[in-house]
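> The following block contains a protein sequence and its predicted model.
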Amino acid sequence: MGNEPDEKQSAAADNSVDERFDDDGVERPIGNGRGILRINEIGVAIFVVLGVLAAIFPDFFTTPYVVVSIAQFIVGMITMGLAYFSAIERSRIENVAVAGVFFASGAAPKPIQRRFLLALFVQVVVGIVVASVRVYTPAAFGVLAPLWVVGFTGMWVTAYGTFTPRDPELKRSARKAEAKKQRPSAAKRVK
């Protein structure tokens, strides 16, 4: 009886290791992406609140709004780069499209795609409206912030999205044989 907890713990550990890998031995991401969605939406909410405050009280809130806008632009560039390299890695075995990675088109469930696209729409509109209300001020930096959403969309999709598998590529000798089959022979061309 004293060994039962140890056996259950080792069985649970074995199952968790097996669940971390798919049939091809590729490691699956842990979780369901809620953390990425949450960080994205919190960032958008902070941007919107500071944008509204910067439009109403420019003396007090323009600087924090600009700092957040530039920070979100930088984080967005980094996350886009990471998502891009992750997408390149996945493209070896799956048909990965740019629209699928950065706009979740066909790669994420519709509710997830809607959340990311709504966040992108909100950031674009707020950035443009604040820049329009406070023309010729540093508030124009707000138009850079939507890269935040694009980067986090890419991170979510490359970690949790689905793409169709690629057809296996033929080796060089098989490609040559396939090309010969498709090419008409010299005797057939003369007639």
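That came through, no problem.

> middle-most residue in this structure, spatially?
residue 154 (1.2 Å; C-alpha atoms, centre = their mean).

> and that one, what element?
Following DSSP states H and E, one finds residue 154 within helix 147-160.

> contact partners of that helix?
With contact meaning C-beta atoms under 8 Å, 6 or more residues apart in numbering, helix 147-160 is reached by 29, 32-33, 36-37, 39-40, 43-44, 47, 72-73, 75-80, 82-84, 86-87, 90, 100-104, 107-108, 112, 116, 119-120, 123. Every C-beta, even on glycine, is put in place using the N, C-alpha and C of the backbone.

> Just the buried residues out of those residues, in PyMOL syntax.
The buried subset of the contacts of helix 147-160, as determined by 16 or more other C-beta atoms under 10 Å, is captured in PyMOL by this line:
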select buried, resi 33+36+37+40+43+44+47+72+73+75+76+79+80+83+84+86+87+90+100+101+102+103+104+107+108+112+116+119+120+123
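
> From the contacts of helix 147-160, which land in helices?
Using DSSP state H, 36-37, 39-40, 43-44, 47, 72-73, 75-80, 82-84, 86-87, 90, 100-103, 112, 116, 119-120, 123 are the members of those that sit in helices.

> follow-up on the earlier one: need the per-residue pLDDT for the residue nearest to the centre of the chain.
pLDDT recorded at residue 154 is 96.

> circling back: following the helix holding residue 154 in sequence, what is the next regular element?
With DSSP H and E, the next secondary element past helix 147-160 is strand 164-165.

> Pairing partners for that next one, with directions?
strand 94-95 (antiparallel) (DSSP bridges).

> tell me the mean pLDDT for the partner strand?
91.

> Give me the contacts around that strand.
163-166.

> Can you select the buried ones from the residues you listed in PyMOL?
Buried residues among the contacts of strand 94-95 (16+ other C-beta under 10 Å), as a PyMOL selection:
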select buried, resi 163
